[in-house]
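**Student:** Okay, predicted coordinates and the sequence, questions at the end:
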Amino acid sequence: MKRFLGVLVACALALVARAPVRADEDAGLPHATMTCDHADAPGRVRCEAEARVGAGESIAWGDVTIVRTPAFADALRGRIGPHDATTREAGAWRWAFALVARRKGSGELEGRVRLVVCRDKTCGPRELPVVAHVGVGD
């Protein structure tokens, strides 16, 4: 019985140590945005994703994955990793990337920003969907 209780306590402590940071502890919930520049003609389309966390939180790691591109464009890379971040501040990370538009068109680019967010010494994963409008031509 003592051994069972010891294992139970160890498991409970492990779960508490791994518990994600609660977003409702701060009024500024983590959020992410993604934007793409309008292009006049087919070719390279510059895009940017940004993630911000609330006061008292910091970003320890992050990346952006492209989930879906408009039919007229392709992503040059499907994942933009943490080393590709153009800004890495405690409360905000930013990534720049590009699409290649094969023809004129308009549509939605869907992605996912994955983060490890820390508050004090407790860190946990966050996954935030992002959508940007892509317009090429008129």
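**Tutor:** Nice, I can see it.
**Student:** mean confidence score for stretch 57-69?
**Tutor:** Mean pLDDT, stretch 57-69: 98.
**Student:** Kindly apply the preceding question to stretch 125-137 instead.
**Tutor:** Across stretch 125-137, pLDDT averages out at 97.
**Student:** list the buried ones in it?
**Tutor:** 126, 128, 130, 132, 134-136 (16 or more other C-beta atoms under 10 Å). C-beta: built from backbone N, CA, C; applies to glycine.
**Student:** The residue nearest the centre of the chain - nearest residue in space that isn't next to it in sequence?
**Tutor:** Geometric centre of the chain, nearest residue: residue 113, 1.5 Å, by C-alpha atoms, centre = their mean. Once flanking residues are discounted, residue 113 sits nearest to residue 32: 4.0 Å by C-beta to C-beta, 6 or more residues apart in numbering.
**Student:** so the residue nearest to the centre of the chain sits right up against residue 49, yeah?
**Tutor:** Yes. With contact defined as C-beta atoms under 8 Å, residue 113 reaches residue 49; the gap is 6.0 Å.
**Student:** Identify the contacts common to those two.
**Tutor:** 32, 34, 64, 130 (C-beta atoms under 8 Å, 6 or more residues apart in numbering).
**Student:** No further questions, thank you.
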